[in-house]
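**Student:** Sequence below, structure please.
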Amino acid sequence: MPIKPDSDLGGATQDETAYLESLIRQDFEQCHPGETLDDFKRRASFSREDRGLLRDWMAIAASRAAAARAKRSDFNSAA
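**Tutor:** Numbering: from 1, shown residues only. Next up, the predicted model:
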């Protein structure tokens, strides 16, 4: 079940959400052996605790995305 774009991600599109999830998927699955990010997202749709944890994971993803954008920006300005 996809995360609602207007819920915790400030209006992120499905493409943006998929990108953010790609930034955390491997780390999440390493921290939670035997569980996938998709399993977790399904549970978050009806569990307040999991919804909060998913929000935390997505905040990490947003931070990583911002760092990647800054790095690309620095690289382009140095050229």
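**Student:** Run the chain-centre distance for the helix ranked longest in the chain.
**Tutor:** For the chain, the longest helix by residue count, based on DSSP state H, is helix 48-78. In terms of Cα atoms, centre = their mean, to the nearest Å, the centre of helix 48-78 is found 8 Å from the chain centre.
**Student:** try stretch 32-45
**Tutor:** Centroid displacement of stretch 32-45 relative to its chain, using Cα atoms, centre = their mean, is 13 Å.
**Student:** what do you get for stretch 21-36?
**Tutor:** Its chain's average C-alpha position is 11 Å from that of stretch 21-36, according to Cα atoms, centre = their mean.
**Student:** Can you give me the buried ones in that stretch?
**Tutor:** 21, 23-25, 28-29 (16 or more other Cβ atoms under 10 Å). Where you see a C-beta, it was placed from the backbone N, CA and C, and this is true even at glycine.
**Student:** Over to stretch 45-55?
**Tutor:** Applying 16+ other Cβ under 10 Å to stretch 45-55 flags 50-51, 54 as buried.
**Student:** quick one: least confident helix or strand in the chain?
**Tutor:** Sorted by mean pLDDT, DSSP states H and E, the helices and strands of the chain end with helix 48-78, the least confident at a mean of 90.
**Student:** what helices or strands is the longest helix of the chain leaning on?
**Tutor:** helix 14-31, helix 37-44 (3 or more Cβ pairs under 8 Å, 6 or more residues apart in numbering; DSSP states H and E).
**Student:** In TSV: the ones you listed, plus distance to residue 70 and mean pLDDT.
**Tutor:** Shown next, in TSV, are the helices and strands packed on helix 48-78 (distance: least, Cβ to Cβ, whole Å; pLDDT from 0 to 100):
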stretch	distance to residue 70	mean pLDDT
helix 14-31	14	95
helix 37-44	25	96
